[in-house]
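Q: Got a sequence here, can you model it:
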Amino acid sequence: MLLILQSLDQFILEFINLSYHSMLLDNVVLLISYMGLIFFWILIALILYFCGNEKGKSVAKRMIIILILVTIVTQLLKIIIMRPRPYTVLSSLVVLATESDYSFPSGHTSISVSMIYLLAKNYDNYYLWIIPILVMLSRLYMGVHYPSDVLGGFLVGLLVAYGGDYCLNLKRIKL
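A: Predicted structure coming up:
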């Protein structure tokens, strides 16, 4: 069963990664991938904090707390699981970037999912969920993650955001 799942993981990765590549599409995908970086979301939180109303300030503070939590959890899981990046195993991939850490779970995905969870929940804009979906696809297209890595990142981001937000609400912390 595990071999079937690994084969499916590799098949989906190669299907997306070995699809059409052009300089324009490659650069667009790299830009989309930046929406999974911690610095991108710190910038968004700062904009919300300094340009927003009281609600914006509160959401920005929650974003920073959840961003710290999701980064810690993701990095701990990477160290525990130690899954190699797909481009170190599969020579057939088109690699648009290299990373220095492990592959599972996808940090870009977990960060973007956790931040969109907070923004979509607080601003009732569920169209924002397109962002982590695009980030997930970008990581496959770039050849830096397996599909199970981005799925794992999605679950980690969702669980940390939900749990962290729940705890912040439970303690009635005024942010």
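
Q: For the rest of this, base every contact and every neighbour count on C-alpha atoms.
A: OK.

Q: number of nearby residues for Ala97?
A: By other Cα atoms under 10 Å, 11 other residues sit near Ala97.

Q: start the count at 2, not 1, going forward
A: Yes, from this point I'll number from 2; that puts the last item at Ala98.

Q: Scan the helices and strands of the chain for the one with the lowest mean pLDDT.
A: helix 3-18 (a mean of 90; mean pLDDT, DSSP states H and E).

Q: Buried residues in it, which are they?
A: With burial defined by 16 or more other Cα atoms under 10 Å, the residues of helix 3-18 counted as buried are Asp10, Gln11, Leu14, Glu15, Ile17, Asn18.

Q: and what of stretch 76-83?
A: Along stretch 76-83, these residues count as buried under the neighbour rule (16+ other Cα under 10 Å): Gln76, Leu78, Lys79.

Q: low-scoring pLDDT stretches of this protein, where are they?
A: When residues are selected by pLDDT under 70, those of the chain lie in 172-176.

Q: For the helix or strand Leu31 falls within, C-alpha coordinates in CSV please.
A: Element membership of Leu31 [criterion: DSSP states H and E] is helix 24-34. Taking Å, rounded to 0.1, in the frame of the first residue of the first chain, the C-alpha atoms of helix 24-34 are listed here in CSV:
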residue,chain,number,x,y,z
MET,A,24,10.3,31.8,-18.6
LEU,A,25,7.2,33.8,-18.0
LEU,A,26,5.3,31.0,-16.3
ASP,A,27,8.4,30.0,-14.3
ASN,A,28,8.7,33.6,-13.0
VAL,A,29,5.0,33.8,-12.2
VAL,A,30,5.2,30.6,-10.2
LEU,A,31,8.2,31.8,-8.3
LEU,A,32,6.2,35.0,-7.4
ILE,A,33,3.3,32.9,-6.2
SER,A,34,5.6,30.8,-4.1
